[in-house]
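Colleague: predicted model, plus sequence, below.
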Amino acid sequence: MRDEKVKSDITVVGGGLAGVCAAVAAARQGQTVSLVHNRPVLGGNSSSEVRVWVCGATGHGVQRYARETGIMGEMFVENQFRNPEGNPYIWDLVVLETVRAEANIQLFLNTDVHEVDADGEENDRRIISVTGWMMGSERRIKFESSMYIDCTGDGLIGFLAGAAFRIGREAQHEYGEDWAPEKADDITLGSTILFYTKDVGEPVRYLAPKFAKDIAQTTIPIKRVIRSGDSGCHYWWIEWGGEHDTVHENERIRDELWSVIYGIWDYIKNSGKFDSANLTLEWVGALPGKREYRRFIGDYVLNQNDILAQTRFEDRIAFGGWSIDLHPPQGMYSTESGSKHLYSDGNYHIPFRSLYSNNVRNMMFAGRNVSATHVAFGTTRVMATCAVIGEAAGAGTALSVRYGISPRELHRTRMKELQQVMLRADASLLGVRNEDSADLARHATIKASSELRRLEITSGASTYELANDAGQLIPVDGEIGTIELLLDAEEETTLELELWDTGREENYVPSELQISTSIAVTAGEKQWVRAELPWRPDTARNGFLVVKKNERIRLYLSETPMTGILSFAKGEKPLVSSSLEDHQPDQPVIQWSSKKLVRTPFCFRLLSDTRAYKATKAINGYLRPYGGPNLWISERMDSGDNHEQWLELSWPSVQTIGEVQLTFNDDVNEDLINLHHHRTPFEVFPELVHTYRLEAWQDGKWTLLERITDNWRRTRRHTLAKPAVTERLRLVVEQTNGSAYAEVTEIRVY
């Protein structure tokens with residue numbers, strides 16, 4: 001056995017997506033990081049060892065403009081480009097290369113940390129070191145750092161350090177949560193093992209092992225969906241252990257899950273009820289994917305009311321949007337539905353105070369162990385949300401190390417600085433503006449070759465029957481004024497329209513009615529009908545146009561998307577299953593669905609100009625849609641002489657420019673899944689800029705600084721080999737990845 005000692009600024013224990021993002025974020029802030037993981041591959045539940053979809057704020061397309069950016073977003077987009085088939089081993093490589101790209105990270109795989117040296121009083125503890133055993137190498141390694149981040153999921157490091165924590169469900173009265181039980185208990189969400197199947201093109205027989213459960217003798221075939229063509233996360237409901245200790249009874253839970261998987265496969269192959277002759281089991285997981293165990297107590301405990309109210313914490317550092325997703329304690333054996341869901345009206349915010357321990361001064365945490373109630377944890381637990389929390393924890397820990405202060409002190413004295421650091425990293429942060437005093441672009445005058453001023457989508461590809469209300473999101477910067485819709489009418493009728501404000505800038509559902517009107521429509525096909533909607537809000541907003549149900553009318557849908565425009569279909573009132581809950585709340589984001597209308601807006605045109613896509617939007621401080629799309633869009637690049645489009649920054653005096661940071665539009669409304677849930681029709685977002693160049697005005701002419709081709713990434717940072725001394729800087733877009741418009745979300749200059 002070899003005893004070793006490793007010193008670094010920060011030790012991150014746990015290499016799931018939370019730990020990966022924490023380590024990368026801290027390393028990018030200049031701190032040295034030891035990333036310690038007890039498995040041979042990174043990624044945690046998303047890895048090839050467990051193979052759970054990376055879900056997040058999009059809620060599989062329920063929430064709009066919700067896909068994560070920052071480090072998680074980089075991995076999503078990279079995986080989409082390199083791994084459109086959803087191969088779990090390629091996903092492993094995407095995660096691994098994200099870590100290996102950072103010189104400040106030392107990676108220790110197969111290293112199980114099981115010792116923590118800590119001191120201090122109960123309410124003021126400090127971690128001195130953690131020690132792990134590297135399996136297969138017979139190395140006992142002690143990790144010494146000034147700060148630690150527990151991303152173990154189960155919260156083992158904090159537990160051994162004496163950090164305050166909670167297991168199980170809080171009572172309703174503790175936080176006023178109506179989805180909590182009346183009495184507190186130790187019930188958690190259970191664990192899951194998944195399996196993959198494969199069609200081999202010839203008959204394959206299957207003889208079940210003796211331990212396989214006869215599921216025909218259980219409620220599973222009655223209460224759960226079983227199909228021969230499904231595999232992987234379609235069987236998320238193979239869940240058990242919520243009434244047991246998911247850590248100390250992990251082996252028992254694994255064996256029970258295995259017995260059911262092999263029993264399900266026996267049922268599919270040998271019951272005669274399925275077309276499965278040529279199917280074989282390709283892969284069965286060996287590790288239970290855990291959902292829940294310890295949750296640490298921070299200076300704030302996020303709860304159900306914060307989620308539903310979308311509380312705008314002053315110290316917000318991340319967002320989520322997945323539903324409060326709770327499962328029955330009996331898991332797969334329950335006679336109830338496998339899950340119940342309650343959504344906020346848009347993305348909710350996560351405070352920094354929920355990421356550090358209230359009694360261990362040099363420990364932060366990220367992932368499913370954050371400071372949240374069981375009910376709130378029902379939404380924060382999904383992996384992409386864990387990842388953005390991890391990035392925030394990593395950035396916060398790095399600043400704590402830099403200034404030699406605790407995370408609590410960082411919150412008290414440098415919270416705005418942390419938010420600005422995260423914005424510069426393109427992290428998932430909503431409603432906070434760029435206020436970086438070092439960013440020269442904030443003080444520049446900006447102009448463009450052109451700006452998209454006329455909002456119109458006129459190329460109708462198919463018709464849409466108004467069997468229910470339909471909706472269209474329209475950015476309003478100025479006045480909507482006169483709007484025209486393209487439609488067919490079977491006979492003379494009246495079309496009713498409503499224009500709603502969406503209320504909160506992060507929401508995309510109708511909130512407050514502004515104008516209602518009706519239009520007399522004559523019979524005819526492909527006719528433009530006109531309505532007056534004279535709404536001029538005080539600030540840039542999103543308008544939600546509701547076209548009321550009329551079965552005599554068909555609207556036209558276009559196959560040409562436009563950034564900032566979303567279409568919706570209204571369904572029936574959504575209910576939470578009465579078998580799960582007595583109360584049945586409305587959920588507007590479910591009522592107004594855009595899942596079947598992604599990138600297919602209704603045809604319309606506004607007769608007045610819009611300011612929604614002006615050049616100034618590229619330096620307005622917002623990196624995401626928030627009360628509007630917040631980006632510059634040019635006129636069409638494929639018409640006339642407009643084959644190139646440019647943005648130009650100018651200053652009243654000469655500037656020395658060493659770095660330019662560009663953020664392009666990767667349509668954060670599009671849902672990306674790392675594995676096999678679905679495949680997008682493109683491997684690179686059409687809106688992303690493909691070829692561009694940076695130029696400086698020097699000696700009376702434009703001088704080339706950089707030229708990039710084949711870009712598929714959202715954020716590009718250019719450190720100039722030689723600083724440019726100039727009064728004018730220009731970004732020239734030569735080509736996109738398919739869009740007819742140049743689109744730039746932000747430009748920064750240092």
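Modeller: Cool, got the structure.
Colleague: what stretches of the stretch 201-350 of the chain score poorly on pLDDT?
Modeller: Residue ranges of the stretch 201-350 of the chain with pLDDT under 70: none are present.
Colleague: the strands in it, which residues?
Modeller: 239-240, 279-284, 295-296, 316-320, 324-326, 340-342, 348-351 (DSSP state E, counting those that start in this stretch).
Colleague: I'd say Ser400 and Met147 touch.
Modeller: Yes. Applying CB atoms under 8 Å, one finds Ser400 in contact with Met147, separated by 5.8 Å. In this view, the C-beta of every residue, glycine as well, is placed from N, C-alpha and C.
Colleague: who touches both of the two?
Modeller: Asn362 (CB atoms under 8 Å, 6 or more residues apart in numbering).
Colleague: quick one: which of the two has more around it?
Modeller: Taking neighbours as other CB atoms under 10 Å, Ser400 and Met147 compare with Ser400 leading, 28 against 25.
Colleague: how about the helix or strand hosting the more buried one: buried residues?
Modeller: Using DSSP states H and E, Ser400 sits in helix 383-403. For helix 383-403, burial by neighbour count (16 or more other CB atoms under 10 Å) applies to 383-401.
Colleague: you'd agree Lys548 is up against Glu496?
Modeller: Yes. Using CB under 8 Å, Lys548 is in contact with Glu496, at 4.0 Å.
Colleague: torsion angles phi and psi at Leu207?
Modeller: phi -110, psi 110 (degrees, to the nearest 10).
Colleague: any idea how many residues pack against it?
Modeller: Neighbourhood size, Leu207 [other CB under 10 Å]: 9.
Colleague: and the next element down the chain from the helix holding Ser400?
Modeller: Moving toward the C-terminus from helix 383-403, the next element (DSSP H and E) is helix 407-413.
Colleague: check the gap between the residue nearest to Tyr206 when sequence neighbours are not counted and Ala118 for me.
Modeller: Spatial nearest neighbour of Tyr206, chain neighbours left out: Lys269 (4.1 Å); criterion: CB to CB, 6 or more residues apart in numbering. In this structure, Lys269 lies at 52 Å from Ala118, with CB to CB, to the nearest Å as the measure.
Colleague: can you tell me which of the strands of the stretch 201-350 of the chain is nearest to Ala618?
Modeller: The closest of those to Ala618 is strand 316-320. By CB to CB, the value is 22.2 Å.
Colleague: who does that closest one touch, helix- and strand-wise?
Modeller: strand 348-351, helix 383-403, helix 415-424 (3 or more CB pairs under 8 Å, 6 or more residues apart in numbering; DSSP states H and E).
Colleague: which residues sit against the last one?
Modeller: It refers to helix 415-424. Contacts of helix 415-424 (CB under 8 Å, 6+ apart): 29, 70, 314-317, 352, 391-392, 395-396, 399, 410, 429, 432-436, 623, 661, 748.
Colleague: how about Glu292, what does it touch?
Modeller: If a contact means CB under 8 Å, 6+ apart, then Glu292 has 188-189, 242, 246, 368, 374, 377, 381 as its contacts.
Colleague: if you set the cut-off to 6 Å instead, what comes out?
Modeller: Neighbour list for Glu292: 188-189 [criterion: CB atoms under 6 Å, 6 or more residues apart in numbering].
Colleague: ditto for the one 10 residues further on
Modeller: Counting by CB under 6 Å, 6+ apart, Leu302 makes contact with 354, 372, 376.
Colleague: Glu644: neighbour count?
Modeller: So Glu644, with other CB under 10 Å, has 16 neighbours.
Colleague: which non-adjacent residue is nearest Ala425?
Modeller: Going by CB to CB, 6+ apart, Ala425 has Gly70 as its nearest residue, at 5.8 Å.
Colleague: longest strand anywhere in the protein?
Modeller: strand 715-736 (DSSP state E).
Colleague: buried ones in that one?
Modeller: For strand 715-736, a neighbour-count test (16+ other CB under 10 Å) marks 715-716, 724, 726, 728-736 as buried.
Colleague: then stretch 479-499?
Modeller: 480-481, 483-489, 495, 497-499.
Colleague: now do stretch 618-636
Modeller: So stretch 618-636, judged by 16+ other CB under 10 Å, has buried residues 618-635.
Colleague: taking the residues you listed one by one, which sit in helices?
Modeller: Under the assignment DSSP state H, the buried residues of stretch 618-636 contribute nothing to helices.
Colleague: before we move on, the earlier item: farthest pair in the buried residues of strand 715-736?
Modeller: Thr726 and Thr736 (26.3 Å).
Colleague: now do the helix holding Ser400 and strand 316-320, the angle between them.
Modeller: Using axes from the mean of the first three to the mean of the last three CA atoms, to 10 degrees, the inter-axis angle of helix 383-403 relative to strand 316-320 is 170 degrees.
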